[in-house]
Each structure stands twice: as structure tokens, then as C-alpha cells.
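The following comprises the amino acid sequence and a computationally predicted model.
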Amino acid sequence: MRIRDLLDRRSIKLGGSATDKQDVINQMVDLMNAGGRIADVETYRAGVFAREEEGTTGIGEGIAIPHCKSDAVKEPGLAAMTVPSGVDYDALDGAPVELIFLIAAPNTEDNVHLDVLSKLSTLLMDEDFTAKLKAAKTVDEFLTIIDEAESGKERTEGIVGNEGGKLLLAVTACPTGIAHTYMAAEAIEKAAKERELAVKVETRGSGGAKNVLTNDEIEKADGIIVAADTNVPMDRFNGKRVVITKVADGINKADELIDKALSGSAPVFKGEGSQSESTGQAGGGSVYKHLMSGVSHMLPFVIGGGILVALAFLVDTICGYGESAGGAFGTMTPLSAFLKYVGGLAMGLM
């Protein structure tokens, strides 16, 4: 499977415009839906916005990669849009976004598409590649740029870079495990190679752990970075100096993280047992992440409850109680009363 297999022509818009972040995300969801990949567009839309609440997907350098893994997705897909004039997206670097890729991933055990999405995430760290996409004039040109870049980019497993240089190890992970995980890995690896270091990055995405660090590598490491917004196994680093941070820093502050990892100033990690895990977020951030995850799972119930209540009002209106029911509107018939009761229960779950 290749990137182009996930990117329907109907889901590409070049030279678009948007008033703000909400507007551009809504447009992207509509583009995705036009490609026939979505079973329930409003549930998917709610999921995209819920993911955005966990942290902006505007990664900087004019790029945003909103994404959602949901039961509302029939099959994996991509949507893409260029916005020449830029749009305020609350990006990590504060700059307007000019290139957006929306990712739709089904909530299934079949993760063959994840390798393709990880490759796209890696390609988006190449400034020449993104510049060409932003300048594309036609959909055919846009797709050709992706095809050519994908053909020339294969991620190498194991230790890469200068074999005689200092050894830098890293682990990257994010809650969804679709995009940020691999973009952080690419940024750290690229920065390490520029310094002529030997480097190996373990990724923990939706497809599981890849390029896993060995005990021997950890023992020999001159520096270790864990850039993660979700739990990763940490006891293996017991007694080693480890830089622990959020995955966004892996994307945007790779050089700074490497400096700290190799300086010897990072704190020594002390494990607390075989199940010791860590994330790059503070306690409050972790609570917020889990809270928002719960909210996103409850949204279908709330939306369904609202629809049932609306149907209750509709039934009473059809039966002629629209102006005479007063405060009992929505409960004047057995059917409307049932619908309003069930709808109220569903909405009350929130």
C-alpha cells in the first residue's frame, strides 16, 4: 500500500482559504467525506475536534496534521488542502498553516495502513517536499510529488548515522500513534545525523513498538531521549540519564533535546518496578488527556440523545401539541415521552 492509495482525488483541494482553525478543520472533514471513507461524518468530525483538544496538530513550519481513529471510519484515508494565504491554527510555532493533511484511521486491528501514514509523517519533515506540495498547481502535480518522494524514502531499522560517533537513543510516542510519533522520530534522527552521531529511535504507534531498543544498546548509550505523551516502558532505563519530554518537543526542539541528552545534565532515571512507565506530560496534563479521551468516547451518546429529544418535539408538533403543550412539550404522547426520556438519559451521561 502506498500513500496515493489512501488519498482520493476528490479529497484534495489546492489554493483553498479558511477564516480560522475551526473552519479549516470542517472543510478538511468534508473533503475526507467526499472521498467515501467515512460512515458517520458528524461522529468523525467530533472525534477530530476532540483530538485537537488534547493538543494542537499544527506542528509548525506551516503544516498541520489533524487526525482521528474512530469507528466512524469505513476505511483508512487522507485528505489534503493547501492554503496559500495561511490560516491561524494555533500551531506550535505560532505561524499560519499553509498545508494540511487530515488522517482518518478505522478503529480496527488491521493496521496495514499505519506504515503508509508513518511514511507520510516522515516525509512532512522534509522542507523541500512540503515546499513543492504548497506550490503545486494541479492535483496531478500534487500526487506526482508524493509518489516520487515516497519512492525515494525508506525508513531504516537499527542504528543509523555515524557508527563511530556517540550513540543517541530515543523513544517517541503519542496517544493516537499515527503522526506525531513518526515525525518526532524523523526530526531526532535527522538532527543526530547532522551531528555525525549514531542514532536509533524506537517508535510506539498504533501499529505497536517498532525498532525496539535492546538492553545492550541502552547500556552503551551516551544519551537517551523519551519524547512521549503516552505511557512507555521505562524500567529498562533504570540508572541511566534520560531526557523525558512531550512528543511535540521531539518535532520542534530536537537539537535542544540532543544537547541536553549528551551534556550529562539530564536526571538519572530510577525505576519503581517492572511496570514503571512514563510520559512527557506533567500530572495535570495526563489527567487532562484522559479526561478528553473520555469526552470523545461519550460524544456519540450525547449526539444521539440530542437527536432523540429533537424527535420527541417533532412527534408532539406533528400531533398538534406545538402551541398547547407548554412545559410538557415533548412528552404529550407515549412515543414522544419515551424518546425524550431516553434522550435525556443519554445526554445526562456526559
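Cool, the structure landed.

Show me which positions of stretch 123-133 end up buried.
Under the neighbour-count criterion of 16 or more other CB atoms under 10 Å, stretch 123-133 has 123, 124, 125, 129, 130, 132, 133 buried. Any C-beta I mention is one placed from the backbone N, CA and C, and that applies to glycine too.

Kindly report the same for stretch 63-72.
Neighbour-count burial for stretch 63-72 flags 63, 64, 65, 66, 67, 68, 69, 70, 72 (criterion: 16+ other CB under 10 Å).

Same check on stretch 225-244?
Neighbour-count burial for stretch 225-244 flags 225-230, 232-234, 236-237, 241-244 (criterion: 16+ other CB under 10 Å).

distance between that stretch and the chain's centre?
Computed by CA atoms, centre = their mean, to the nearest Å, the chain-centroid distance of stretch 225-244 equals 21 Å.

Please identify which pair of the buried residues of stretch 123-133 lies farthest apart.
125 and 132 (14.0 Å; CB to CB).

Going by neighbour count, list what's buried in stretch 246-259.
Within stretch 246-259, the residues that count as buried by 16+ other CB under 10 Å are 246, 247, 248, 249, 250, 251, 252, 253, 254, 257, 258.

And stretch 45-62, by the same measure?
Applying 16+ other CB under 10 Å to stretch 45-62 flags 45-52, 54-62 as buried.

Please apply the same query to stretch 204-221.
Under 16+ other CB under 10 Å, the buried positions of stretch 204-221 are 204, 205, 206, 207, 210, 211, 213, 217, 218, 221.

Same check on stretch 163-174?
Of the residues in stretch 163-174, those buried (16+ other CB under 10 Å) are 166, 167, 168, 169, 170, 171, 172, 173, 174.

Quickly list the domain ranges of this protein.
Per automatic domain parsing, the structural domains of the chain span 3-151, 160-278, 284-348.

Just put these in a markdown table and tack on mean pLDDT.
Listed next are the domains of the chain as a markdown table, based on pLDDT from 0 to 100:
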| stretch | mean pLDDT |
| --- | --- |
| domain 3-151 | 89 |
| domain 160-278 | 86 |
| domain 284-348 | 70 |
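
dump the residue contacts of residue 197.
Residue 197 sits next to 161, 162, 165, 166, 167, 168, 258 when contact means CB atoms under 8 Å, 6 or more residues apart in numbering.

Identify all contacting residues around stretch 182-193.
Here stretch 182-193 makes contact (CB under 8 Å, 6+ apart) with 59, 65, 117-119, 121-122, 124-125, 160-162, 168, 170, 172, 174, 198-199, 201, 203, 205, 225, 227, 247-248, 250-252, 254-255, 257-258.

from those, which ones fall inside helices?
Members of these lying in helices (criterion: DSSP state H): 117-119, 121-122, 247-248, 250-252, 254-255, 257-258.

Out of those, flag the one nearest to residue 12.
When the ones in helices among the contacts of stretch 182-193 are compared against residue 12 (criterion: CB to CB), the nearest one is residue 117, at 16.4 Å.

Report all helices and strands that the helix or strand where residue 102 lies contacts.
Under the criterion of DSSP states H and E, residue 102 resides in strand 97-106. Counting contacts by 3 or more CB pairs under 8 Å, 6 or more residues apart in numbering; DSSP states H and E, strand 97-106 packs against helix 21-34, strand 63-64, strand 67-70, strand 77-87, helix 112-123, helix 127-135.

The stretch 251-350 of the chain: helices as residue ranges?
254-263, 283-318, 334-348 (DSSP state H, counting those that start in this stretch).
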